[in-house]
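**Q** This is a predicted model, with the sequence first.
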Amino acid sequence: MTAGIILIVVLGGLLLVALIIGGMVVGVYNKLVTLRNRYKNAYAQIDVQLKRRYDLIPNLVETAKGYIKHERETLEAVTQARNIAYAAAKAAASNPGDATAMKNLTAAETGLAGTLSRLMMVSEAYPDLKANQNMMQLTEELTSTENKISFARQAYNDSVMTYNTNREVFPSNLVAGMFNFAAAELFVVDKPEQKEAPKVSFS
């Protein structure tokens, strides 16, 4: 076997190895892109429900205002918490992969859940408000929306876990590092008592 043939065989072998490695990199890259798009789509489902809740809250506050005039501080706290959460959700929606934006949203949502719960507790002392048809309808819609947010959040967190696990295992971690696939942040509620939707039933 001449030196030229040996060189061709060696180069052919190297080319084959390069093609195999290149194919693996492309496969892993495409999988990471797919998983990233999946969790972003899952967040979009949360975003739809959050916007719906943010639209319901001002109507809820407006209805309550006519009955609980002496609880202005509580009503203002709900409105302020809603506005903070709305801004945080907008930032998170523009890039669900941004860990800081997701942490800010988690904190804002925890604050909003707390003020809504406080409003509902205060409302219990006003029988006329509890019996108001508009208030009952709004609270029913709000409860339904809270449940949908909870389900959507679970689906999002499942997608994030799948993506994060895939980007951490070998050889995906090498590709993730090369192409800047950052870890995604879970959307969790910090306090155990806030993991359930706020109690908004007037029954």
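**A** All right, it came through fine.
**Q** residues in contact with the worst-scoring helix or strand of the chain on mean pLDDT?
**A** Within the chain, confidence by mean pLDDT, DSSP states H and E is lowest for helix 127-131 among all helices and strands, at a mean of 82. Counting by Cβ atoms under 8 Å, 6 or more residues apart in numbering, helix 127-131 makes contact with 63-64, 67-68, 123-124, 135-136, 202, all of which sit outside it. (Glycine included, C-beta is placed from N, CA and C.)
**Q** looking just at contacts, which helices and strands does the helix or strand just after it meet?
**A** If you walk from helix 127-131 toward the C-terminus, the next helix or strand you reach (DSSP states H and E) is helix 133-168. Applying 3 or more Cβ pairs under 8 Å, 6 or more residues apart in numbering; DSSP states H and E, one finds that helix 133-168 makes contact with helix 3-65, helix 99-123, helix 172-178.
**Q** so I84 touches T115, yeah?
**A** No: the pair I84 and T115 fails to qualify as a contact (Cβ atoms under 8 Å) at a distance of 10.0 Å.
**Q** if you count what's nearby, which of the two comes out ahead?
**A** For the pair I84 and T115, the greater number of neighbours falls to T115 (22 against 18), based on other Cβ atoms under 10 Å.
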